[in-house]
Each structure stands twice: as structure tokens, then as C-alpha cells.
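Here is my input, please return the structure:
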Amino acid sequence: MKSPVPAGLHSLQVREQRDTQVYIPEAASKFKKAPLVLSLHGATQGADRGISLLRAQADEIGFIIVAPASEETTWEIEGAWGADRNNVDQSLALSFGLRDIDPARIAIAGFSDGASYSLSLGLTNGDLFNAVLGFSAGYIANGPRTGKPPVFLSHGTQDPIFPIDVTGRLLERTLKDNGYAVTFRQFEGRHTLPPDVASAAMHWMMAAAPLPAHAERTEQAAPVHVVR
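So this is what the prediction gives:
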């Protein structure tokens with residue numbers, strides 16, 4: 001049992017610029033082992049956006065938010081994993097040392113480019129994430145996949161950045177064709193995440209079937225390779 005780090009907003013100090021932030025809501029204290037959501041910002045944004053994206057829902061439900069920042073203006077979605085994946089890996093490993101985390105309830109979520117990165121990284125690590133969420137995603141990078149975690153997608157029907165017919169609806173069909181259980185929430189709107197959709201997504205996440213225990217991937221150590 002770890003001595004709990006106080007509730008509030010914390011910087012992990014994994015790097016001098018564009019550091020990872022962790023938000024521990026007061027409501028997390030109701031769990032012996034808290035759920036955790038890795039929240040990924042959109043292009044040109046930073047860790048603070050990863051926090052604000054789901055902070056209201058964390059306050060209500062009690063999950064911890066881990067919000068890394070991309071090294072550049074957006075995530076390394078194309079090509080081999082590199083600095084961003086390594087930062088996510090280190091950030092998760094350090095976050096597991098702040099509170100006792102439920103290894104069966106770890107989710108990954110993101111908005112826009114962060115959603116594309118969430119889907120890509122989440123499906124690669126389906127034995128770590130028991131739920132994968134993408135809000136207004138553009139696409140999923142090719143690569144190896146592990147397991148079949150359930151997927152939540154949301155998309156605005158008037159999205160001018162990623163038009164829904166060639167992104168959200170196509171992703172839904174493709175994932176279902178590949179055997180994934182997909183929940184798709186379409187809404188009347190543009191490139192955004194409405195509060196009611198965020199709330200529905202996080203309640204869906206909490207209801208998703210937990211993974212079998214795999215605590216060896218949530219122990220703090222150095223180095224730790226949490227994600228592939």
C-alpha cells in the first residue's frame with residue numbers, strides 16, 4: 001500500500017519543457033486502487049489540455065488523469081515509435097508510484113491528433129489498456145496489435161478538420177470488421193468534445209470489462225517499459 005500523494009495537480013518532472021501533468025481528484029480516495037486514464041491532447045496543445053479534457057469527469061468519477069505532452073507540435077503518429085512513446089512509457093511508470101492504481105482499469109483517451117495516437121498506441125497495448133477512446137480521431141497508424149480492448153469513438157457530424165464520413169464512420173466500420181467492440185457516439189457539432197459526450201465516454205469506460213490482473217506492468221521501477 002503506497003502512501004498516497006495528495007489530491008491536486010502535479011508535474012512529473014520528466015523533462016524541463018512540455019512536462020507531463022497528473023491530476024488526482026479528491027474523489028480518487030474512494031478507491032483502494034484508483035482507475036487511471038492516459039489523456040492525450042490535440043495538435044499544437046499541451047499537457048494542460050489533456051487534463052482539462054476530462055477533469056470534470058475525473059472529479060465526478062474519481063479516476064486519475066495522466067497527461068503527457070508531445071515533444072513537437074503533435075504526436076509521432078507516423079513511422080516508428082520514438083520520443084513520444086518513451087515519454088508516455090516513463091510518465092505511466094512514474095504515475096503508478098503516486099497512488100495505488102487498479103491494473104485492470106487503465107484506459108487511454110485523446111482528442112483529434114491525440115485521438116489518433118490514443119487509438120494507435122492503445123490497440124498496440126491492448127493487454128495494458130482495458131478501454132481505448134478516440135474523440136474526433138483522424139486515423140489509426142498501421143502496426144501490431146495486442147488483444148481486443150473495447151473502443152469508444154465520438155465525432156461531430158459537421159467536423160471541418162476530420163470529416164466524419166472519411167474518419168469517424170470509416171474507423172468504426174474498419175474496427176468492427178477487425179473484431180473490435182465499438183461504441184460510436186455521433187453528435188451535431190464540429191471538431192470538439194461536448195461535455196455530455198465526455199461524460200458518457202467516461203461512464204462507458206468505467207463500465208468496460210476489467211482486464212485480468214497484470215500487476216507486473218504497474219510496478220514502479222527504473223527503467224520500466226509499460227507500453228510497447
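
Which neighbouring elements make contact with the lengthiest helix in the chain?
Ranked by residue count, the top helix of the chain under DSSP state H comes out as helix 47-61. In terms of contacts (3 or more CB pairs under 8 Å, 6 or more residues apart in numbering; DSSP states H and E), helix 47-61 is packed against strand 21-24, strand 34-40, strand 64-67, strand 101-110, helix 195-207. Using the backbone N, CA and C atoms, a C-beta is placed for each residue, glycine as well.

Switch those over to CSV; also include mean pLDDT and distance to H10.
CSV is the format used below for the helices and strands packed on helix 47-61 (pLDDT from 0 to 100; distance: least, CB to CB, whole Å):
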stretch, mean pLDDT, distance to H10
strand 21-24, 96, 5
strand 34-40, 97, 13
strand 64-67, 97, 10
strand 101-110, 95, 14
helix 195-207, 96, 20
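
can you list these in a markdown table and add distance to V132?
Output for those, formatted as a markdown table (distance: least, CB to CB, whole Å):
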| stretch | distance to V132 |
| --- | --- |
| strand 21-24 | 20 |
| strand 34-40 | 10 |
| strand 64-67 | 15 |
| strand 101-110 | 6 |
| helix 195-207 | 9 |
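
between the ones you listed, which gets nearest to Q57?
Among these, the nearest to Q57 by CB to CB is helix 195-207 (4.1 Å).

could you pull out the strands for the chain?
8-11, 21-24, 34-40, 64-67, 101-110, 131-135, 151-156, 182-187 (DSSP state E).

Let me know the angle separating the third one from helix 195-207.
Angle between the axes of strand 34-40 and helix 195-207 is 130 degrees (criterion: axes from the mean of the first three to the mean of the last three CA atoms, to 10 degrees).

what number of residues lie near Q13?
9 (other CB atoms under 10 Å).

List phi and psi for the closest residue to it other than its chain neighbours.
Spatial nearest neighbour of Q13, excluding adjacent residues (CB to CB, 6 or more residues apart in numbering): D19 at 6.3 Å. When read as degrees, to the nearest 10, the backbone of D19 gives phi -80, psi 160.

if we can go back for a sec, can you add distance to K176 and mean neighbour count and give the helices and strands packed on helix 47-61 back as CSV?
CSV is the format used below for those (distance: least, CB to CB, whole Å; neighbours: other CB atoms under 10 Å):
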stretch, distance to K176, mean neighbour count
strand 21-24, 33, 23
strand 34-40, 23, 27
strand 64-67, 28, 27
strand 101-110, 19, 25
helix 195-207, 16, 17
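
what's the lowest-mean-pLDDT helix or strand in the chain packed up against?
The least trusted helix or strand in the chain, going by mean pLDDT, DSSP states H and E, turns out to be helix 83-95, with a mean of 91. Secondary-structure packing of helix 83-95 (3+ CB pairs under 8 Å, 6+ apart): strand 34-40, strand 64-67, helix 113-124.
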